[in-house]
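Chemist: Quick one, what's the 3D model for this:
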Amino acid sequence: MERYKQEFIEFMVDCKALKFGDFVLKSGRRSPFFMNAGSYVTGGQLRRLGEYYARAIHEKYGDEFDILFGPAYKGIPLSVAAAIAYSEIYGREVRYCSNRKEAKDHGDAGILLGSSLQDGDRVVMIEDVTTSGKSIEETYPILTAQANVEVRGLMVSLNRMEKGPGGKGSALEEIRERYGIEAHAIVTMDEVVEHLYNKPYKGQVYIDDSLKAAIDEYYGVYGAGR
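Modeler: Model (predicted):
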């Protein structure tokens with residue numbers, strides 16, 4: 001596993017963006033782990049988060065894109081932080097763009113925030129985590145309605161590796177199949193388990209035998225692509 005992925009897993013734990021226990025997800029599923037990008041709340045945390053996204057995006061897409069698009073609301077700071085980090089790390093300016101939940105009818109009117117979209121723009125979408133693909137279903141038509149853009153793909157922070165709403169592949173796999181775009185994650189849940197299982201981090205074991213059994217049981221019911 002690449003060192004930046006190991007660091008990112010530890011970073012998620014430090015920021016309490018990745019938690020372990022017993023959680024009820026929006027889908028109604030009971031999960032032994034939960035990921036929430038809303039836990040990144042300081043300038044230093046957002047700076048580091050942007051760097052991890054930038055490295056993963058560069059690894060998967062190189063420089064073959066023009067815009068980072070973050071769906072409202074959580075995707076807005078993600079796209080801004082990643083665009084800043086990409087400029088700092090790779091010396092290349094990329095634009096950021098997000099959608100508004102409601103179109104603005106005065107000033108810089110319209111549905112978009114940040115850069116406008118132009119014909120031929122190559123877009124990478126950024127999310128925190130995708131379980132059902134619902135946000136992509138909502139924002140993909142917005143992107144393609146604004147201009148003749150090429151959506152290169154999607155980058156999320158954590159691939160939960162569980163079945164999407166179609167009930168066959170994972171949510172990321174269903175996105176690939178439905179929209180014909182690449183869908184990747186900075187890390188997968190398998191990589192999280194590999195890095196933390198029975199290994200003390202700052203004096204604490206986050207995934208012990210009991211939690212590992214709960215994760216395995218969860219994936220026995222909802223797992224995909226393991």
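
Chemist: For F34, see how far away the residue nearest the centre of the chain is.
Modeler: By C-alpha atoms, centre = their mean, the chain has its centre lying nearest to V156, at 1.8 Å. From V156 across to F34, the span is 15 Å (C-beta to C-beta, to the nearest Å). (C-beta placed from N, C-alpha, C; glycine too.)

Chemist: before we move on, the earlier item: list the contacts of the residue nearest to the centre of the chain.
Modeler: If a contact means C-beta atoms under 8 Å, 6 or more residues apart in numbering, then V156 has 126-130, 172, 183-186 as its contacts.

Chemist: Spell out the secondary structure type for it.
Modeler: Following DSSP: H, G, I helix; E, B strand; the rest coil, the label given to V156 is strand.

Chemist: before we move on, the earlier item: for Y96, state which of the contacts of V156 is nearest.
Modeler: Ranked by distance to Y96 (C-beta to C-beta), those are led by I126 at 9.0 Å.

Chemist: Now do the closest one: how many residues are near it, please.
Modeler: For I126, the tally of surrounding residues (other C-beta atoms under 10 Å) stands at 27.

Chemist: who are the neighbours in contact with it?
Modeler: I126 sits in contact with 53, 68-70, 75, 78-79, 82, 154-156, where contact means C-beta under 8 Å, 6+ apart.

Chemist: Show me the contact partners of the helix or strand of the chain with the lowest mean pLDDT.
Modeler: Taking mean pLDDT, DSSP states H and E as the measure, the chain has strand 95-104 as its least confident helix or strand, at a mean of 81. Contacts of strand 95-104 from elsewhere in the structure, counted by C-beta under 8 Å, 6+ apart, are 66-73, 75-76, 79-80, 82-83, 109-117, 123, 139, 142.

Chemist: and those residues, which are buried?
Modeler: Neighbour counting by 16 or more other C-beta atoms under 10 Å classes 66-72, 75-76, 79-80, 82-83, 112-115, 117, 123, 139, 142 among the contacts of strand 95-104 as buried.

Chemist: And the strands in this structure?
Modeler: 18-24, 30-35, 67-70, 95-104, 110-114, 122-126, 150-159, 182-188 (DSSP state E).

Chemist: hang on, the earlier thing: of the contacts of I126, the lowest pLDDT goes to which?
Modeler: The lowest pLDDT within the contacts of I126 belongs to G75, with 91.

Chemist: G38 and L46, how far apart?
Modeler: 12 Å.

Chemist: Give me the more crowded residue out of these two.
Modeler: L46 (18 against 10).

Chemist: how distant is the lengthiest helix in the chain from the center of its chain?
Modeler: Across the chain, the longest stretch assigned as helix under DSSP state H is helix 43-61. Its chain's C-alpha centre and that of helix 43-61 lie 11 Å apart, by C-alpha atoms, centre = their mean, to the nearest Å.

Chemist: Return the set of buried residues in that helix.
Modeler: 45-46, 48-58, 60-61.

Chemist: That one versus strand 182-188: what angle between them?
Modeler: Angle of helix 43-61 versus strand 182-188, following axes from the mean of the first three to the mean of the last three C-alpha atoms, to 10 degrees, is 130 degrees.
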